[in-house]
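S.K.: 3D model of this:
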Amino acid sequence: MSIFERYLTLWVGLCIAVGVALGHFLPGVFQAVGSAEIAQVNLPVAVLIWLMIIPMLVKIDFKALHRVKEHWRGIGVTLFINWAVKPFSMAALGWLFIGYVFQPYLPADQINSYIAGLILLAAAPCTAMVFVWSNLSDGEPHFTLSQVALNDIIMVFAFAPIVGLLLGLSSIVVPWQTLFLSVVLYIVVPVIIAQVLRGQILSSGGQPALDRVLSKLQPLSLTALLTTLVLLFGFQGEQIVSQPLIIALLAVPILIQVYFNSGLAYLLNRAVGEHHNVAAPSALIGASNFFELAVAAAISLFGFESGAALATVVGVLVEVPVMLSVVKIVNASKGWYERGNAVKRKSPPL
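M.R.: Now for the predicted structure:
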């Protein structure tokens with residue numbers, strides 16, 4: 001885990017401060033950036049999102065999908081958590097905490113937007129950082145790779161319907177045209193570009209060449225993420241300064257859903273007899289979010305100044321510390337886990 005990744009929460013905190021300050025002193029610049037749109041798509045942010053997402057997707061080897069059957073128990077558990085539990089549990093937590101418990105402390109005109117942002121955050125499983133979490137928990141690398149590849153394929157088809165369903169249940173108007181455009185722009189096109197780029201690099205220089213390119217692209221990806229956050233907080237600055245508790249309140253349902261979904265995935269893997277080196281990354285994949293996509297979709301659907309955009313950014317803020325805590329939990333509980341059904345099965349090959 002690079003220094004940049006390890007201290008991502010710190011960098012996000014700095015982006016908040018820088019963005020709020022720049023938004024206050026240079027409002028004209030931010031208004032110019034916000035107005036650079038075509039068909040409700042902000043062009044500067046679209047470029048930044050591509051710089052965020054494409055390097056992450058280059059890591060994914062879709063040829064690994066043939067190995068799905070080797071870890072079908074863990075794959076099944078993770079798919080269940082990612083697509084049948086997590087988006088719906090987050091929506092329920094959003095309705096409970098943002099729509100009811102914390103409602104008196106939040107701007108009334110942004111309640112639905114905050115809930116929409118939480119739904120967007122939970123509707124797509126993590127693509128890139130999960131490799132870091134898996135490595136830290138001694139996860140089975142082939143399982144992690146095949147699970148992420150499978151999730152990315154499912155995301156192309158399932159992201160828009162799930163988001164549309166849950167937004168509709170929340171009585172939020174669904175801009176279907178913009179939602180489908182976001183899927184094409186921020187999922188389909190980046191996947192195609194990333195896989196073409198990956199194939200060209202591997203054919204010309206093999207895995208060493210790919211590793212070199214990825215090492216150069218990773219800082220670019222994180223820099224694009226942080227630049228996007230500065231823009232977001234430049235637009236959100238006045239609201240945050242006037243009500244600083246907003247970020248803390250939005251973090252509550254996010255934290256609960258991370259621990260709930262990771263714990264459920266971990267327990268289900270133990271119940272079906274999956275090994276710890278599969279259960280650990282399964283729990284981590286089940287809990288983490290593709291926050292880059294969530295930020296992009298929130299901006300496209302609701303705009304820079306929306307509560308939805310702010311809610312997705314809170315997901316970025318808590319991602320590293322909360323996921324590191326989940327890694328610590330699954331590592332510390334390995335002895336307990338292996339006293340379950342998994343010890344009765346032969347260890348999978350590494």
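
S.K.: Run a quick neighbour tally on residue 72.
M.R.: For residue 72, the tally of surrounding residues (other Cβ atoms under 10 Å) stands at 11. Where C-beta positions appear, they are placed from N, C-alpha and C, glycine not excepted.

S.K.: elements contacting the helix or strand that contains it?
M.R.: Assigned by DSSP states H and E, residue 72 belongs to helix 72-79. In terms of contacts (3 or more Cβ pairs under 8 Å, 6 or more residues apart in numbering; DSSP states H and E), helix 72-79 is packed against helix 141-169, helix 245-272, helix 276-287.

S.K.: Is residue 274 in a helix, a strand, or coil?
M.R.: Here residue 274 is coil, with the state taken from DSSP: H, G, I helix; E, B strand; the rest coil.

S.K.: Relative to residue 17, how far out is residue 49?
M.R.: With distances taken as Cβ to Cβ, to the nearest Å, residue 49 is found 23 Å from residue 17.

S.K.: who's more crowded, the two?
M.R.: Comparing residue 49 with residue 17 by other Cβ under 10 Å, the one with more neighbours is residue 49, at 26 against 12.

S.K.: mind checking the SS state of the residue nearest to the more buried one when sequence neighbours are not counted?
M.R.: Spatial nearest neighbour of residue 49, chain neighbours left out: residue 296 (4.2 Å); criterion: Cβ to Cβ, 6 or more residues apart in numbering. Under the three-state scheme (three-state DSSP), residue 296 adopts helix.

S.K.: ok, now residue 339?
M.R.: Under three-state DSSP, residue 339 falls in the coil class.

S.K.: could you measure it against residue 320, distance?
M.R.: Counting by Cβ to Cβ, the separation of residue 339 from residue 320 is 31 Å.

S.K.: quick revisit: which pLDDT value goes with the residue nearest to residue 49?
M.R.: We note a pLDDT of 78 for residue 296 in this prediction.

S.K.: tell me the angle the helix or strand where residue 21 lies makes with helix 245-272.
M.R.: Assigned by DSSP H and E, residue 21 belongs to helix 8-25. When axes from the mean of the first three to the mean of the last three Cα atoms, to 10 degrees is applied, the directions of helix 8-25 and helix 245-272 differ by 150 degrees.

S.K.: can I get the CA coordinates of the next helix-or-strand element following helix 8-25 in PDB?
M.R.: On the C-terminal side of helix 8-25, the closest following helix or strand by DSSP H and E is helix 27-35. The C-alpha trace of helix 27-35 is given here as PDB (Å, rounded to 0.1, in the frame of the first residue of the first chain):
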ATOM      1  CA  PRO A  27     -16.200  31.500  -7.000                       C
ATOM      2  CA  GLY A  28     -16.000  32.600 -10.600                       C
ATOM      3  CA  VAL A  29     -13.500  29.800 -11.500                       C
ATOM      4  CA  PHE A  30     -15.700  27.200 -10.000                       C
ATOM      5  CA  GLN A  31     -18.800  28.500 -11.700                       C
ATOM      6  CA  ALA A  32     -17.000  28.400 -15.100                       C
ATOM      7  CA  VAL A  33     -16.000  24.700 -14.400                       C
ATOM      8  CA  GLY A  34     -19.600  23.900 -13.400                       C
ATOM      9  CA  SER A  35     -21.000  25.400 -16.500                       C
END
